[in-house]
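> here is the input, now give the coordinates:
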Amino acid sequence: MQRLLLATLLLLAGCGATAPAGSPVSDGALRWGDGPYGLVLVPDAGRDAASWSAEASTLADDGMTVVAVDSSDATAIEAALRYLLETRGLDRAALLGAGAGADSAIAVAAERPELVDQLIVLSASGDVSALGDMPKLFVASSGEQAAADATRMANQASGQWNELYLAEGDASGQAILAGDGRAGTMDAILRRLDERR
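Prediction:
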């Protein structure tokens, strides 16, 4: 039964039919929307695809096809990007990761830059030198330890489409989107995505 449901959803996806919010794609991934620009959401440690429901609905309402993966596994992230670009036939897809998911998103973007139009990371740390000129938005709460990493990465990133956004409060990872800085953070993310579509 589950295979039949998945086959039906993939058939509908190929025909351009609208899928209900949070529709299963594969391996625990969920899809919202049918817009012309793709976005893959990578969860923080201990969270799953469904944890992005509120944000995915907002982003889909803004005209995107959004796929949230169930883990920060690089194979799942790449499969979601390929689903958007190859199966759905979209021209471009962005990648947004939070916490541990942000670190995985950075790694996938560095390894497979041809699949990623732009990168948005929440509470990330690491080396962004391998990302080249890919547009990047670094987000952290001003009161969290990752704010220093986000500032460092924004300053070290190459290219002209790099930006730093520090939200209010001290929440980390996906929790930034539920805390005091939610509205401003979603506005910054939507603004960046709209600039690049």
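
> next, the contact list for the residue nearest the centre of the chain, please.
The centre of the chain sits closest to Leu96, judged by CA atoms, centre = their mean, with a distance of 2.2 Å. Neighbour list for Leu96: 39-42, 105, 119-122, 189 [criterion: CB atoms under 8 Å, 6 or more residues apart in numbering]. Placement of C-beta: from N, CA and C, glycine included.

> quick check, it in a strand?
Yes - membership of Leu96 in a strand is supported by DSSP: H, G, I helix; E, B strand; the rest coil.

> from the contacts of Leu96, which land in strands?
Judged by DSSP state E, strands contain the following of the contacts of Leu96: 39-42, 119-122.

> tabulate these (TSV), appending distance to Gly33 and neighbour count.
Formatted as TSV, these follow (distance: CB to CB, whole Å; neighbours: other CB atoms under 10 Å):
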residue	distance to Gly33	neighbour count
Leu39	9	31
Val40	13	27
Leu41	12	28
Val42	17	32
Leu119	20	27
Ile120	17	25
Val121	22	30
Leu122	20	31
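
> any idea which of the contacts of Leu96 is closest to Pro135?
Of all the contacts of Leu96, Pro135 sits closest to Leu119, with 7.2 Å by CB to CB.

> can you pull the pLDDT of the closest one?
For Leu119, the pLDDT comes out at 97.

> what does Gly28 give?
On pLDDT, Gly28 comes in at 83.

> quick check: it touching Ser51?
No - with contacts counted by CB atoms under 8 Å, Gly28 stays clear of Ser51, the gap being 11.6 Å.

> okay, these two: which has more neighbours?
Ser51 (19 against 14; other CB atoms under 10 Å).

> tell me how many other residues crowd Gln156.
Neighbourhood size, Gln156 [other CB under 10 Å]: 11.

> ditto for Gly46
Residues near Gly46, counting by other CB under 10 Å, number 10.

> doesn't it fall inside a strand?
No - counting by three-state DSSP, Gly46 is not part of a strand but coil.

> can you list the buried residues in stretch 134-149?
Buried residues in stretch 134-149, defined by neighbour count with 16 or more other CB atoms under 10 Å: 134-141, 143-144, 146-147, 149.

> between the two ends of it, how far is it?
Length of stretch 134-149, first residue to last, CA to CA, to the nearest Å: 18 Å.

> same question, stretch 154-163
End-to-end span of stretch 154-163 (CA to CA): 6 Å.

> and that stretch, what's its mean pLDDT?
Mean pLDDT, stretch 154-163: 91.

> pull the residues that contact that stretch.
Stretch 154-163 has contacts (CB under 8 Å, 6+ apart) with 118, 128-129, 131-138, 164, 188, 192, 196.
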